[in-house]
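Trainee: sharing a model that was predicted from the sequence below.
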Amino acid sequence: NIDPRQVSRSLRSVSVATAYPLPMTDCPAVVISHQPSADHWRDLPWIPSHQIEPGNLPGRSVLLIYETDLASLHESITAIRQHDDPQVYLRPVIAVSPTVNDLTIHGGDGEISAHQVDLQQISKLADSFQPLFNWLDTLPALDDAGNSLALRCLRLIASRNQEVIPTPTVERITGFSYSLLEPLFSQFDQGLQQTLDYLTELKLLTTRFVTRTHQCVHCHSAFLNFKECCPHCTAEELQVDELVHHFRCAHTAPLKDFQNNGEMICPKCDQPLRHIGVDYDKPSIHYSCGSCSHNFSNPQIITTCFNCGRSTEPELQVQHTVEAYSVTTVGEHAARYGINNLISNAMSDHLQLLNSSAFRQFLDIEQSRIERYQRSESSILLLEIADLETVYLRVGSRAPELFNELAGVFKQVLRRSDAITSGNDGFFAALLTETSEQNASRALERLDQGINDLFIANMDHTPHLRSSITPIHKDLDFAKLVETFLSDST
């Protein structure tokens, strides 16, 4: 396992040595962003962050982010992590600080000081990442699935071969940060947590309990103020006093009522109270509202969110489990070869989806039958729910239930004699036997309506649907039909 922080700690004890020249092809590191001014950095190649491309990077080079301010540091790391090519966004990233006391890591794999390391030590640092480069060498070329945010997140975890542990921080609304993964996302919202929930639901990640937090039911902020309020007017201006119980006469009143010139005298029987436990006890606390003068023993507890300012009862706030994440065996395979058809797999048990080969066989048979008898009409229905993966991320743990219901919508419209398959997530093709183009259009209208009703009812979201109907004939080229449909952005 790679432990760059341990490497970084060892680097801090190394004095600066004379740098030596190194050919670009064997270079252990590349400096990203501003050209370093220190002499012992000058033999390293330098690339501006906006020019990072696989062809510009030596084969197994670590990316050293050298910036003088934190904003530029985070911007450069984000540019790397959001790059389209896995040979870029999965590379080891080391934050380089120009000062010894300004080491900051955010989305990188470690940090070093520019004044405490030379080129030889950088070579040692690069060697520690060889298992990561070995993993990168095994990645096959993928299609557009390589741009999936869920796949990026899964690959970033799997390539490091270590558990992703949340770090407590006041800089994040939830109170915890997954710093390695955050640069994948453009905003610090619930997107990262929903993606982790999504991958966990698919059994691609496994979790370990870390702690539990209370979050605002409105904005998910973990920064809550617990306040005692008057149960009569909800004012927060309360005077607190102890209740005193006089054993002899059974009189009970606030402590201030018993205080008399430095002594404790019972206001009811005028007897002195000298010893607690013998003459009196203090059974509880007494509250008095400074706003409405209401007296009470049990104040109302209210929580107010520091982020959105809304108040509610503690029991109505969200209890969130904070977890660490690691990749499962199935997740390791998916990280290498892609997670296509995840949504289709979630629906397959209820919808009996055919694989592409079986669907083509059904289509070939239907084309031959129509050509021979010249009296049948069948149609191909193509449907794409363009934002289905986004929907999956939003619903999180409710995804299986939602997509089971989506499968039910298909079953209500399609007949048992119809065949259906799915390509990339969100794309479906159905062979509607003995169905004219006009009748197929009616079926498509019912399908569109059912999908819209389902998503609006469950998440108040109108899905982006694209569809087409094509009559089946002997010259129909299904592959070309699908290619044209998917390439049409309108």
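Mentor: That came through, no problem.
Trainee: now do the contacts for the closest residue to Leu316 other than its chain neighbours.
Mentor: Nearest non-adjacent residue to Leu316, counting by Cβ to Cβ, 6 or more residues apart in numbering: Val217, 5.8 Å away. C-beta: built from backbone N, CA, C; applies to glycine. When the contact criterion is Cβ atoms under 8 Å, 6 or more residues apart in numbering, the partners of Val217 are 312, 316-318.
Trainee: what does Thr470 give?
Mentor: Contact analysis of Thr470 by Cβ under 8 Å, 6+ apart lists 379-380, 382, 437, 476, 481.
Trainee: make a markdown table from the contacts of Val217 and add secondary structure and distance to Ile77 to it.
Mentor: Output for the contacts of Val217, formatted as a markdown table (DSSP: H, G, I helix; E, B strand; the rest coil; distance: Cβ to Cβ, whole Å):
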| residue | secondary structure | distance to Ile77 |
| --- | --- | --- |
| Thr312 | strand | 37 |
| Leu316 | helix | 38 |
| Gln317 | coil | 33 |
| Val318 | strand | 30 |
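Trainee: top of the residues you listed by number of neighbours, please.
Mentor: Gln317 (21 neighbours; other Cβ atoms under 10 Å).
Trainee: check the spacing between Leu180 and Thr252 real quick.
Mentor: 60 Å (Cβ to Cβ, to the nearest Å).
Trainee: over to Gly309?
Mentor: Distance, Gly309 to Thr252, by Cβ to Cβ: 39 Å.
Trainee: between those two, who's got more neighbours?
Mentor: Using other Cβ under 10 Å, the more surrounded residue of Gly309 and Thr252 is Thr252, with 16 against 10.
Trainee: ok so, going back, secondary structure class for the residue nearest to Leu316?
Mentor: Following DSSP: H, G, I helix; E, B strand; the rest coil, the label given to Val217 is coil.
Trainee: so what's the residue most central in space within the chain closest to, chain neighbours aside?
Mentor: Geometric centre of the chain, nearest residue: Leu192, 1.7 Å, by Cα atoms, centre = their mean. In this structure, Leu192 finds its nearest non-sequential neighbour in Phe185, 5.4 Å apart by Cβ to Cβ, 6+ apart.
Trainee: go on, Leu196?
Mentor: Tyr325 (5.9 Å).
Trainee: next: Leu354.
Mentor: Thr421 (4.7 Å).
Trainee: quick check: mean pLDDT across stretch 159-169?
Mentor: Mean pLDDT, stretch 159-169: 93.
Trainee: now do the buried residues in that stretch.
Mentor: 159-160, 164-166 (16 or more other Cβ atoms under 10 Å).
Trainee: Trp482 belongs to a strand?
Mentor: No Trp there; residue 482 is Val. No - in this structure, Val482 is helix, not part of a strand, as judged by three-state DSSP.
Trainee: distance of it from Leu406?
Mentor: Taking Cβ to Cβ, one finds Val482 at 21 Å from Leu406.
Trainee: again with Arg60
Mentor: 44 Å.
Trainee: more neighbours: these two, which one.
Mentor: Neighbour count, other Cβ under 10 Å: between Arg60 and Leu406, Leu406 has more, with 24 against 20.
Trainee: surely the more buried one is in a helix?
Mentor: Yes - remark: Leu406 belongs to a helix, assigned using three-state DSSP.
Trainee: which parts of the stretch 101-250 of the chain are strands?
Mentor: Applying DSSP state E, counting those that start in this stretch to the stretch 101-250 of the chain gives strands spanning 110-113, 167-168, 176-177, 205-215, 224-229, 238-246.
Trainee: run through the stretch 1-150 of the chain and note the low-pLDDT ranges.
Mentor: For the stretch 1-150 of the chain, the stretches with pLDDT under 70 are 1-27, 33-43, 49, 98-106, 116-117, 142-147.
Trainee: what about the helices in it?
Mentor: Here the stretch 1-150 of the chain has its helices, by DSSP state H, counting those that start in this stretch, at 4-11, 70-81, 86-89, 119-127, 130-137, 149-160.
Trainee: buried ones in the fifth one?
Mentor: Within helix 130-137, the residues scored as buried using 16+ other Cβ under 10 Å are 132-133, 135-136.
Trainee: can you tell me which of those is nearest Leu204?
Mentor: The closest of those to Leu204 turns out to be Trp135 (Cβ to Cβ; 16.2 Å).
Trainee: surely the closest one touches Ile157?
Mentor: No - judged on Cβ atoms under 8 Å, Trp135 makes no contact with Ile157 at a distance of 11.6 Å.
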